[in-house]
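> Curious how this folds, go ahead:
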Amino acid sequence: MPDAIAIATRKRIALVAHDNKKQDLLEWAGYNRDLLSHHELYATGTTGALLEEALQLPVVKLQSGPLGGDQQIGAKIVEGAIDFVIFFWDPLEAQPHDPDVRALLRIAVVWNIPVACNRASADFMISSPLLTSTYERSLPEYGAHNDRLKTGLGASGHTEH
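Okay, the predicted model is just below:
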């Protein structure tokens, strides 16, 4: 049976937006300001500064996405310091840091972190009764993977030299 982590009523929410989606995120966050004010907000670079100014709420500002901000959020997920991610990404515009974006989304799935990638999914997440209650987030069972690493098998399943 997988382990679980209790998530408190005050959630740690990462807010990220690509350049073409920043205005959408600002509008969404403004509409949901009262709900967001009860939580700890994290954001990448410019998005964080824009949110802090628009919402008049404190935002933990990390690096810009292309300068490692997406990876910083991913690291915070692994550390257990982010409870969910709102990421308004632009599917029609190539980003110089696309590999970082993919890595962030992958690590969120690996650690069973809810992710909203557009306004509709963000609306569903923020209006959930789980936002204001404690929640037991189950952690995937990676024992077999970790045991495999201990026996010298790499990610490909082959013995490493």
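> partner residues bridging residue 16?
residue 87 (DSSP bridges).
> Look up how far residue 114 lies from it.
14 Å (C-beta to C-beta, to the nearest Å). C-beta: built from backbone N, CA, C; applies to glycine.
> neighbour-wise, which of the two wins?
Legend: neighbour count by other C-beta atoms under 10 Å for residue 16 and residue 114, higher for residue 16 (27 against 18).
> pLDDT wise, what is the more buried one at?
Looking at residue 16, its pLDDT stands at 94.
> hang on, isn't it packed against residue 85?
Yes. Proximity of residue 16 to residue 85 meets the contact threshold set by C-beta atoms under 8 Å, at 6.9 Å.
> anything in contact with each of the two?
By C-beta atoms under 8 Å, 6 or more residues apart in numbering, residue 16 and residue 85 have these common neighbours: 73, 104.
> what does the average pLDDT come to for stretch 64-77?
92.
> in terms of contact, does residue 103 touch residue 74 like I think?
Yes. With contact defined as C-beta under 8 Å, residue 103 reaches residue 74; the gap is 5.9 Å.
> Of these two, which one has the most company?
residue 74 (25 against 14).
> Need the three-state assignment for that one.
helix (DSSP: H, G, I helix; E, B strand; the rest coil).
> what is in contact with residue 16 and residue 114 at once?
Common neighbours of residue 16 and residue 114 (C-beta under 8 Å, 6+ apart) are residue 85.
> Roughly how far does the nearest residue in space to residue 82 that is not next to it in sequence sit from residue 47?
Among residues not flanking residue 82 along the chain, residue 76 sits closest, at 4.6 Å (C-beta to C-beta, 6 or more residues apart in numbering). The gap separating residue 76 from residue 47 is 15 Å, by C-beta to C-beta.
> Look at the residue nearest to residue 82 and say how many residues are nearby.
Quick note: residue 76 (other C-beta under 10 Å) scores 18 neighbours.
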